[in-house]
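Asks: sequence below, structure please.
(chains A and B)
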Amino acid sequence: MPDESNFCPECGRSVGQLERPRPVAGGGGWADFLDKAWDFFASTRVAVVLIALVAAASVLGSLIEQEHLYQDWRPPELYYPVRYGPFWGNLYMRLGLTHAYSSAWYATLILLVVISLIICSLHRLLPLHRMLTRPQVWKLPHFVRHQEITHEVAGGLADMEAKLRKRGYKVLRERECLYADRGRLSRYGPYIIHVGLLIVAFAAVGKAVPAWNQTSDVWIPDGQTVKVPDTNFAITNYKFTMETLPNGMPTRFATDAAIAQDGREIKRQTIEVNKPMSHLGWEIYQTSWREEPGVAYVRVNNQTGQMVTNLAVDLRQPEQEYRITDQVKMVILAYYHDFIVDQQTQQPANASFEIKNPVIMAEFIDHQGKSLGRAALMIRAADKSYFTGAYGLAVERVETRWYTALKLHKDKTVPFMYAGLAVVMVGMVITFFLFHWQVWVREERGRLLIGARAYKNKFGLKQDLKRLLGMDAGEGTTAI
Amino acid sequence: MTQGTLLTASAWLLGLAFAGYLAATLLYGAGVIGGRISRGARFARAGGWATNAHLLAVVLHFLAILARWQGAGHWPTSNMYEFIGFMAFTSQLAFQVIIRMYRLTVLGALVGPLGVFLMAYSYVFPPKVQPLVPALKSYWLPLHVSMAALGEGFFAVAFGAALLYLLRVRGLELAAEAGGQGNVAVGSESVTMPAADARQSRWERTWGLRGMEILFYFVCVMAGFTLLALLFRYAGFQWLFANSTYHLPPMIGPQFEPVGSKGDLFGLIPMPLFAAPSWMRGKHMNTLLYSLAVGALLYWAVRHWLAKGQPIGDWLARKAGGDPELLDEISYRAVAIGYPVFTLGGLVFAMLWAKEAWGDYWFWDPKETWALIAWLVYSAYLHIRITHGWEGRRSAWLAVLGFGVILFTLIGVNLLIVGVHSYAGGDL
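Replies: You can find the predicted model right below:
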């Protein structure tokens, strides 16, 4: 980030890019190309342009609805032509704008930024380290006089050295010159941030490795256990709870859940939004819920309307036959969870995958295999019951079945991501809350020439020097 | 105290804080303009009074936040009303930090009004206390939102200083054109044009001036929107559609709404005049249209009556004071404090919370993406400042742009783009 080559080593002024000596490559070829590429990526301007390009690409991706965010049942090929019109919708999809952040061009941009980040850092870190640890103490008067902050006072070097040390500067002396600095660590800060960002980038790329980033969604009805695919454990949902305000706004979703492995329950915990459960590297989150007609309690009547028996029919998966009496059984001929009559074929069919309009068609058979009649029952409309023969059906009540939706996520990149972020934050504190101040002093005929440069917080250094020299700090600024 | 009492106390404290910011702004203005007229002889202490009045307002604002926290039962950053008010608070808190480092009165004359404006803008949204949805019930709500807002507060101060820098440099340019030299005496110190800005290409010059006017037009649009919204809210007008309620006369109706279904305005203009396209909600588009129109009117009025026909940027540039070098330093310092705070609050805490609430630390949700974009802009700013030839005005423009991106992240994303954060939306 900070570019030492921008400053003239003699006078400390900003002079722009210096031509650095370059190994003479034998007239082009790979060496020359690599050299040029290195110089290209080492430039701060190129880095700024690349950052701007990533920002622009991110803007584009946020303006067009992304494939993983739109809320519609249609697949992208059907959704986008409707959403943006046939021409634009197809164009966006073709350009990858509908999955911008996983597209090839976005990945390329990120790759370029990473290359720039590495080369910029390598290019500057060694010269910087050398400059900080082995500074040139002896300087010409010309150099000292041309610093950002200069003073000329009476006094001696020894006295000056003591004062500077007292204020926490590290001091080096050589003949009639003195060099002092403090907050040196601050200059390494940007490189620490860069290292942190590289770890973050590594973690982000790692997400693309399937084994490092597994997710699965499970829907579990109340009181049931579901085996989680690709794992060796099952999750039980003892009860899903939703609390709402009188106006219907939900205030809490919670699942009383347990984990079972090899048939034994090993862990039981309430999973809530913002309170996931952890198990063997898997995080289990409350994501959604659903209710549907669960069990229908069906009354079997005889011809006079008297009840013969009660049946509990699971509307998700009815039994193939039910026992009515010792002699008679009811065989389910057909079951539709969302009954309609198909317009084209004029045959009964299901309209959706959900249980919306369940219909049971059954036949009563006695122990000799003789049919005693048939019955059809539309659960939603209890009066719509048709029967021929000895038995009829009626709905007593329908029990609602609650489902909880849990999301399981196993992400091995998380520790890397968090470590990277921690390094970035440490680097930021070092970069922005420490200041590197440099002071050069030269003794000239009993007077001291003082020149100082602040890498950051110049006004703070000004005040510091004024106080050190016993001058009135003056109005306008204070050093903090 | 009961919850109702606390909420009432909070509202009163908020009103007092608003008055305090207003007073401080006026005092800062008096310090700058009065000092200028009397050549530093009078109004010398107005700046000090202003800073004290401002500090008092910040303290009152903080008490108002605490009272609402206790009264509402959750940290008050859960809807737009609370958040924009909180953002006003953090921007003024950041200003207090910066003004105590660099005692520069003129900065207050610019950042003070920003606080006043943000507070006024917060009143646009319904101030009712709403219970938290489950997703927001987490200790991350105060941590993530407050930290992000604090960083954004420092960016607001950086924006103020950068804008002042641009105006000041333009003022020096104008003075040089008029007097034939680049040095202008301000008080006892002589101020020179920063070396990096002495030369400009024609393109930069033209677009520098245009950009400044575009910026002031945006300011007028936001002010116009706030005025309109408050006016029509308290007037209580309503136009009901199937899925939305308009408070402004519907010129652009919801999608597929037939023309003139809500009668007409003054018997002349049918309402709505158009139906909204599929890519934007009719209500938002309608509000945007009004804001742009009223903004244009305001801009014209300021330029015509106050600036006497000259561009607003030039008019203000002649009034602006301060050492450009110091302004540049202040702007940089504010970003240098805001950037780590924003990174921690706006990105790192956001990622930690997302992991806990939604099961993954990054979703490319529009709000998240825009926080990243803002972060990238400020990263570019920090790099551009050390690039030879790009310091000065270019980096100042980037600090201005950065704050524009922040505002879009907070307000624009909610209005224009729908995402996971959309529950934070307001009503207008």
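
Asks: what ranges do the helices span in chain A?
Replies: A:29-42, A:44-63, A:76-84, A:86-95, A:104-133, A:141-145, A:157-166, A:189-206, A:414-433, A:458-468 (DSSP state H).

Asks: any buried residues in the second one, and which?
Replies: Taking 16 or more other C-beta atoms under 10 Å in any protein chain shown as the basis for neighbour counts, the residues of helix A:44-63 that come out buried are A:44, A:46-48, A:50-52, A:54-55, A:57-59, A:61-62. Backbone N, C-alpha and C define where each C-beta goes, glycine included.

Asks: average pLDDT for it?
Replies: Here helix A:44-63 scores 93 as its mean pLDDT.

Asks: so which elements touch it?
Replies: helix A:104-133, helix B:366-384 (3 or more C-beta pairs under 8 Å, 6 or more residues apart in numbering or on different chains; DSSP states H and E).

Asks: could you give the number of residues near whatever residue of the stretch 201-350 of chain B ends up closest to chain A?
Replies: Residue of the stretch 201-350 of chain B nearest chain A, by C-beta to the nearest C-beta: residue B:340 (3.8 Å). Burial measure for residue B:340: 21 neighbouring residues, criterion other C-beta atoms under 10 Å in any protein chain shown.

Asks: thinking again about what came up before, would you reformat the buried residues of helix A:44-63 as a markdown table and include distance to residue B:403?
Replies: Formatted as a markdown table, the buried residues of helix A:44-63 follow (distance: C-beta to C-beta, whole Å):
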| residue | distance to residue B:403 |
| --- | --- |
| A:44 | 23 |
| A:46 | 26 |
| A:47 | 22 |
| A:48 | 18 |
| A:50 | 22 |
| A:51 | 17 |
| A:52 | 17 |
| A:54 | 20 |
| A:55 | 15 |
| A:57 | 21 |
| A:58 | 18 |
| A:59 | 16 |
| A:61 | 22 |
| A:62 | 18 |
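
Asks: for residue B:344, see how far away the closest residue in space to the residue of the stretch 201-350 of chain B closest to chain A that isn't next to it in sequence is.
Replies: Using C-beta to C-beta, 6 or more residues apart in numbering or on different chains and skipping residues adjacent in sequence, the residue nearest residue B:340 is residue A:428, 3.8 Å away. As judged by C-beta to C-beta, to the nearest Å, residue A:428 and residue B:344 stand 8 Å apart.

Asks: residue A:153 touches residue A:446, doesn't it?
Replies: No - contact criterion C-beta atoms under 8 Å: residue A:153 and residue A:446 do not qualify, at 10.8 Å.

Asks: quick one: residues contacting the residue nearest to residue B:340.
Replies: A:189, A:193, B:339-340, B:343-344 (C-beta atoms under 8 Å, 6 or more residues apart in numbering or on different chains).

Asks: by neighbour count, which of the residues you listed wins?
Replies: Neighbour counts for those peak at residue A:193, which has 26 neighbours (criterion: other C-beta under 10 Å).

Asks: flag the shaky bits of chain A, pLDDT-wise.
Replies: A:1-28, A:382-384, A:472-480 (pLDDT under 70).

Asks: mind listing what the residue most central in space within it touches?
Replies: For chain A, the residue nearest the mean C-alpha position is residue A:204 (8.7 Å; C-alpha atoms, centre = their mean). If you count contacts by C-beta under 8 Å, 6+ apart, residue A:204 has them with A:413, A:417, B:362.

Asks: and if you look at residue A:424?
Replies: A:193, A:196-197, A:200, B:343, B:348.

Asks: residue B:334 in helix, strand or coil?
Replies: Here residue B:334 is helix, with the state taken from DSSP: H, G, I helix; E, B strand; the rest coil.

Asks: distance of it relative to residue A:257?
Replies: From residue B:334 to residue A:257 the distance is 48 Å (C-beta to C-beta).

Asks: of those two, who's got more company?
Replies: Between residue B:334 and residue A:257, counted using other C-beta under 10 Å, the more crowded position is residue B:334 (29 against 22).

Asks: pretty sure that one sits against residue B:153.
Replies: No - with contact defined as C-beta under 8 Å, residue B:334 does not reach residue B:153; the gap is 9.1 Å.

Asks: between those two, which contacts overlap?
Replies: residue B:94.

Asks: which bits of the stretch 201-350 of chain A sit near chain B?
Replies: Near chain B, the residues belonging to the stretch 201-350 of chain A are A:204, A:215, A:245, A:249-253, A:272-274, A:276, A:283, A:285, A:287 when assessed by C-beta under 8 Å from any C-beta of the partner chain.

Asks: which two in the residues you listed are spaced the farthest apart?
Replies: A:204 and A:245 (39.4 Å; C-beta to C-beta).

Asks: what about the helices in the stretch 1-150 of chain B?
Replies: Here the stretch 1-150 of chain B has its helices, by DSSP state H, counting those that start in this stretch, at B:3-37, B:46-72, B:80-101, B:105-122, B:140-179.

Asks: gap between stretch A:179-199 and the chain center?
Replies: With C-alpha atoms, centre = their mean, to the nearest Å as the basis, stretch A:179-199 stands 27 Å off its chain's centre.

Asks: try stretch B:266-277
Replies: 32 Å.

Asks: list the residues that contact residue B:348.
Replies: Taking C-beta under 8 Å, 6+ apart, one finds A:421, A:424-425 in contact with residue B:348.

Asks: ramachandran angles for it?
Replies: Dihedral pair for residue B:348: phi -70, psi -50, per degrees, to the nearest 10.

Asks: residue A:70 too?
Replies: According to degrees, to the nearest 10, residue A:70 has phi -70, psi 150.

Asks: and it, how many residues sit next to it?
Replies: 14.

Asks: pretty sure it contacts residue A:79?
Replies: Yes - with contact defined as C-beta under 8 Å, residue A:70 counts as touching residue A:79 (6.4 Å).

Asks: sorry, back to before: compare residue A:153 and residue A:446 (neighbour count), which wins?
Replies: residue A:153 (13 against 8).

Asks: give me the nearest residue to that one, chain neighbours excluded.
Replies: residue A:448 (5.4 Å).
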